[in-house]
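K.L.:
Let me see the structure of the following:
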Amino acid sequence: MKLHTIAATAALVGTGFSAKNERTFAVLRFTNKQLTKGRMDPIVSPGQVSTHVHSIFGGSNFGLGSTGKDLMDSKCTTAMIKGDNSNYWVPSLYFKDPKTGKLEDVELFYANAYYFFEPTNDDIKAFPVGLSIMSGDQTIRTPPKDGATSNLDPSKGTVNPIKWTCPRSNFDSPSWPAGSNGLAAGMQDPNNKGEGVGFPDVNCDGYASPLRADVHFPSCYNPAAGLTNYKENMAFPTDDGKGKQDCPKGWIHVPHLFLEVYWNTPLFKDRWEQGKGQQPFVLSNGDATGYSNHADFMAAWDEKLLQHIIDTCNAGSQGMDKCPGLNGLNKDDCTIKSQVDETVDGVLDALPGDNPITGWSYGGNGTEGGGNEPKPSQSQSTGGDNTAKPSSTSKAGGDNTSTAKPTNTQPAQPTNSQPAQPTNSQPAQPTNSQPAQPTNSQPTQPTNSQPTQPTNSQPTGGDNTSKVSSAAPTSDNKPTSTKNPDNATTKTQPTSEAGSSKPTLPSQPSACTPKIHTVYETITVTAQLPGATDRPGSNSTRTAGDFKYAGCFKDSRDRVLKDDVRPNLGAISNAKCVAHCKAKGYNLAGTEYGGQCYCGNELVRSEKLDDSACNIACEDDKSDTCGGGWALTVFSKDGEASLKDAKSRRHAHEHLQRHRSPHY
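P.N.:
Okay, here's the model as predicted:
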């Protein structure tokens, strides 16, 4: 065991709990895009075929009826951290072709799981094995009643944990229709041009950052409700009035999990008309609005390891894999075959499960799709046997119809699945709250915690790399070990055969495949961007305090100014950042994303960018700009900046176009 691990463990054992005064966090990354994909949901529909398709990450023992104990025995996991066999899953996304009416699966670009450890008077504890959490409501097709602003604090109004982020190269035109009330199209957050509720009606073309689904999970666990009672066992914490987030008495404060999932929507950008108040994407439950997005989590952590991370790690966006005292990292891909044998990818006539498309111009509501029992396909009889069947589907070039059968009982009926909000007088009895709606309070979600960005160098085991399986999963119970071909593709071939009548139910998941590396540089611009007239008049004479402007420089995941990373200074301006860095004895001060400050004496592995790349208004001074997406506005004593190990990089546009290939 490493010495720092021994010391940390001893400190945990030998000291009592003290209040946590500031947020810390670490981003969990996944070794490949997804573990599997299919109509499986062991939280909402345990032992049954789910109503709609999910994309799943995490431990290989995931299945129709898996429990936390099952997941602990996983042979492999997509989580980079050894010791996390949990599963995370979200509804899959489809494109409905405006010309043909056919549906096509949208490739999952990648996902990250943020673990936030909030300031609190509570003792934050590791997730107990088997804790099942669902955030969001799969049945709704209407907008939040209070609009598109964010709120995660039930003491300030009804919670809204679901948003969509649309990174773009510029925000000259709105990403959601101006003045929308949400009843016919999505709504833009009035405080954030890059974020809203419901699907945007434009292509999200940010630098390697397509359409992103954002889901916040509640972090207060009610042990009286139990591990698997996902309708009542969780709530969001409330503000104590002094900036700390506390759970009700008798509840357990667990990490605040935030899941961000990127979908490769730019692949379809030339096949639909943008900015007209309509959009072509549909969730797998039939939702054309995006309001019903949701996510599930089933905990299967090594609890001692997660507690160590909670108590000792603040790696931030550098990644949880940079935390001290870990038990190792997972470097190989991990994929399994879906237990429901049906076609869920390719060109389809209807959504798997035959979910009707509802919401906005389609009419209808969520009880018609994704909230009921699975429906038989159009090619099957609707009477007789008690089975669930997929839609009638077709791959381009031939018929590939399949039929999926669950076990002999009907799936559980999903109901309103918003986390229960406790009352002040009886914290152990959560109320039956309505679907979460936001208030006009300031966002409490992580506006400054962007996804990671690797360098252009060959990645190492701990880097944020996106990898794909080298072969289609097999039904063999043993993990496969095959070489990765150069042209490995993320499109899994259908496992079903025409006329098949049963889902494949392997006794164990099937494949832990070796990795291949593809490097993505990922940013998310969600801050308010100033117009061209808002920029300072002359950079040559630009100052902040008594520091002079040195230029706009490229940042990276490893941070090019790394001596003092994001000090807690409140709302950021260039002058405030410079004053802090100067007081700490540093020669350089840099601001980024409009609200982050960095200090150091040299820029490590950076390069100078055009000044226009630093284009995000400062939080505390809207007339000035404080960096951009992975771009630092840098000031120094003499207006010069020392570059160490500078390395040239390809243009962002070329990089993104290269990764829009179907092969990764």
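
K.L.:
So the residue lying closest to residue 547 once chain neighbours are set aside versus residue 605, what's the distance?
P.N.:
Leaving aside its chain neighbours, residue 547 sits nearest to residue 635 (3.9 Å; criterion: CB to CB, 6 or more residues apart in numbering). Placement of C-beta: from N, CA and C, glycine included. Applying CB to CB, to the nearest Å, the value for residue 635 to residue 605 is 20 Å.

K.L.:
neighbour-wise, which of those two wins?
P.N.:
Taking other CB atoms under 10 Å, residue 635 and residue 605 do not tie; residue 635 has more neighbours (28 against 19).

K.L.:
Just to be sure, the more buried one is in a strand?
P.N.:
Yes. Counting by DSSP: H, G, I helix; E, B strand; the rest coil, residue 635 falls inside a strand.

K.L.:
hang on, it packs against residue 578?
P.N.:
Yes. At 5.3 Å, residue 635 and residue 578 qualify as touching, with contact defined as CB atoms under 8 Å.

K.L.:
shared neighbours of these two, anything?
P.N.:
544-545, 547, 589 (CB atoms under 8 Å, 6 or more residues apart in numbering).

K.L.:
Of those residues - the most surrounded one?
P.N.:
residue 589 (31 neighbours).

K.L.:
Now it. Nearest residue, chain neighbours left out?
P.N.:
residue 581 (3.8 Å).

K.L.:
What about the one you found, how many residues nearby?
P.N.:
27.

K.L.:
Give the buried residues for the helix or strand hosting it.
P.N.:
Element membership for residue 581 (DSSP states H and E) is helix 574-583. Judged by neighbour count using 16 or more other CB atoms under 10 Å, the buried positions of helix 574-583 are 574-582.

K.L.:
For the residues you listed, give me TSV that also has pLDDT and distance to residue 306.
P.N.:
As requested, the buried residues of helix 574-583 are arranged in TSV below (pLDDT from 0 to 100; distance: CB to CB, whole Å):
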residue	pLDDT	distance to residue 306
574	96	38
575	96	40
576	95	35
577	96	33
578	97	38
579	96	38
580	95	32
581	95	34
582	96	39
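
K.L.:
From those residues, pick the one nearest residue 596.
P.N.:
Ranked by distance to residue 596 (CB to CB), the buried residues of helix 574-583 are led by residue 577 at 8.6 Å.

K.L.:
what residues does the strand ranked longest in the chain touch?
P.N.:
As assigned by DSSP state E, the longest strand anywhere in the chain is strand 108-117. For strand 108-117, the external contacting residues (CB under 8 Å, 6+ apart) are 20, 23-30, 33-34, 55, 57, 88, 90, 92-93, 124, 210, 255-264, 309-310, 320, 446, 449, 451-452, 466, 490, 520, 522.

K.L.:
Tell me how this structure divides into domains.
P.N.:
1-176+186-522, 532-644 (automatic domain parsing).

K.L.:
And those, which one averages the lowest pLDDT?
P.N.:
With a mean of 76, domain 1-176+186-522 has the lowest mean pLDDT of the domains of the chain.

K.L.:
does residue 297 count as helix, strand or coil?
P.N.:
Put simply, residue 297 is strand when judged by three-state DSSP.

K.L.:
now it: how far from residue 197?
P.N.:
Using CB to CB, residue 297 is found at 22 Å from residue 197.

K.L.:
ok, which stretches of the stretch 1-150 of the chain are helices?
P.N.:
Along the stretch 1-150 of the chain, the segments classed as helices by DSSP state H, counting those that start in this stretch run 3-14, 68-72.

K.L.:
what's near enough to touch residue 609?
P.N.:
Shown in contact with residue 609 (CB under 8 Å, 6+ apart): 551-554, 631.

K.L.:
how about 10 Å then?
P.N.:
Listed by CB atoms under 10 Å, 6 or more residues apart in numbering, the contact set of residue 609 reads 551-555, 628, 630-632, 649, 652.

K.L.:
got it, and residue 101?
P.N.:
Taking CB under 10 Å, 6+ apart, we find residue 101 in contact with 349-350, 357.

K.L.:
again, 8 Å this time
P.N.:
Contacts of residue 101 (CB under 8 Å, 6+ apart): none.

K.L.:
Residue 148 now?
P.N.:
163, 176, 182, 187-190, 195-197, 438 are the contacts of residue 148 under CB under 8 Å, 6+ apart.

K.L.:
and the nearest residue to it once chain neighbours are set aside, backbone torsions?
P.N.:
Excluding the flanking residues, the one nearest residue 148 by CB to CB, 6+ apart is residue 187, at 4.1 Å. Backbone torsions for residue 187, taken as degrees, to the nearest 10, come to phi -130, psi 140.

K.L.:
separation between residue 256 and residue 161?
P.N.:
Taking CB to CB, one finds residue 256 at 10 Å from residue 161.

K.L.:
which residues do those two both contact?
P.N.:
216-217.

K.L.:
returning to what we had before: quick check: the residue nearest to residue 148 touching residue 145?
P.N.:
No. Assessed by CB under 8 Å, residue 187 is found out of contact with residue 145, at 11.5 Å.

K.L.:
more neighbours, the two?
P.N.:
Here residue 187 and residue 145 are compared on neighbour count by other CB under 10 Å; more neighbours surround residue 187, at 22 against 14.

K.L.:
Using CSV, write down the CA coordinates of stretch 285-303.
P.N.:
Below are the C-alpha coordinates for stretch 285-303, written out as CSV (Å, rounded to 0.1, in the frame of the first residue of the first chain):
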residue,chain,number,x,y,z
ASN,A,285,-39.5,6.3,-24.9
GLY,A,286,-41.1,8.2,-27.8
ASP,A,287,-40.6,11.7,-26.4
ALA,A,288,-40.1,14.3,-29.1
THR,A,289,-39.7,17.1,-26.6
GLY,A,290,-36.8,16.0,-24.4
TYR,A,291,-38.6,17.0,-21.3
SER,A,292,-38.8,13.3,-20.1
ASN,A,293,-35.1,12.7,-20.2
HIS,A,294,-34.0,10.8,-17.1
ALA,A,295,-31.2,8.6,-15.8
ASP,A,296,-30.8,5.7,-13.4
PHE,A,297,-28.0,4.6,-11.1
MET,A,298,-27.5,1.4,-9.1
ALA,A,299,-24.6,1.6,-6.7
ALA,A,300,-21.9,-1.1,-6.6
TRP,A,301,-18.8,0.7,-5.3
ASP,A,302,-16.1,-0.6,-3.0
GLU,A,303,-17.5,1.5,-0.2
